[in-house]
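[1] the following comprises the amino acid sequence and a computationally predicted model.
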Amino acid sequence: MKTSAKPGGKQFDVDEAVRRAMAVFWQRGYADTSLDLLGAATGLGRGSLYGTFGGKDSLFRRCLDRYAATYGDRYDRALTSYPDDPARAIGAFFDVTLDRLADRSVPDGCLLAQSATLQPETRSHVQALLADQWARVRAALTTPGADPRALDDLATYVVAVTQSLAVLSRAGTPLPDLRAVTRLARTTVSTALAQANTGHAPA
């Protein structure tokens, strides 16, 4: 447990403060999250927030990293669960997303998906995290002899579907409809993998 000192010498749990701040950003979005709201959620005053995290922007990027690490581990386990069956691995990847969207203990949607239109530094941070997700998916799709360009395109498609699910969830789309999207996406992935393996990937 990492701690830091508040003014006056009291200690607080930095990781817990990031977790609570992440929940506020995730629920309300960056623009509607004020320092007062962050202070109420974390129990920290403005001085402690600035002293520990360097301000709202840097705290938000810290929350993005926390979010990516939390769900990145789950995605990694899913993508490596079927090393000889990329289509099933991608199915497991979609299942992680659906489980997160069905979890009522966390806000709807995806913190990354709702953060990509922010100021350039934060947008670049989000892009880097999405690139990490793409690399995970692309590694799971790797198949000897398959057309690498087709697999690159397929990895982009899988990430796009995942982010679209989060946006649809945030907009109130029912979970059964989201599951229908992933059923079609699984079929698309299986078909595209077969085409990539025979050298007949679509243009």
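    Alright, I've got the coordinates. Residues are numbered from 1 along each chain as shown.
[2] pLDDT at Gly9, what is it?
    Listed pLDDT for Gly9 reads 47.
[3] going forward can the numbers begin at 48, since that is how I track them
    Understood, numbering begins at 48; the last thing we discussed is Gly56.
[4] any stretches of the protein with poor pLDDT?
    Flagging of the chain using pLDDT under 70 yields the residue ranges 48-58, 163-166, 246-250.
[5] now the strands for this protein?
    Using DSSP state E, the strands assigned to the chain run over residues 50-52, 58-60.
[6] number of nearby residues for Asp79?
    With neighbours defined by other C-beta atoms under 10 Å, the count for Asp79 comes to 10. To be clear about C-beta, it is placed using only N, CA and C from the backbone, and glycine gets the same treatment.
[7] for Gly101, same thing?
    12.
[8] need phi/psi at it.
    phi 80, psi 10 (degrees, to the nearest 10).
[9] and the gap between it and Thr229?
    Counting by C-beta to C-beta, to the nearest Å, the gap from Gly101 to Thr229 is 39 Å.
[10] same deal with Phe72?
    Distance from Phe72 to Thr229, counting by C-beta to C-beta: 26 Å.
[11] which of those two has more neighbours?
    Phe72 (24 against 20).
[12] residue contacts, that one?
    80, 107, 110, 158 (C-beta atoms under 8 Å, 6 or more residues apart in numbering).
[13] tell me how many other residues crowd the residue nearest to Thr229 when sequence neighbours are not counted.
    By the measure of C-beta to C-beta, 6 or more residues apart in numbering, the closest residue to Thr229 outside its immediate chain neighbours is Phe141, 4.3 Å from it. By other C-beta under 10 Å, the residues close to Phe141 number 22.
[14] how about Gly219?
    7.
[15] please apply the same query to Arg226.
    Using other C-beta under 10 Å: Arg226 sits among 15 other residues.
[16] which residues touch the nearest residue to it once chain neighbours are set aside?
    Of all residues not flanking Arg226 in the chain, Leu145 sits nearest, at 6.3 Å (C-beta to C-beta, 6+ apart). By C-beta under 8 Å, 6+ apart, the contact set of Leu145 is 212, 222, 225-226, 229.
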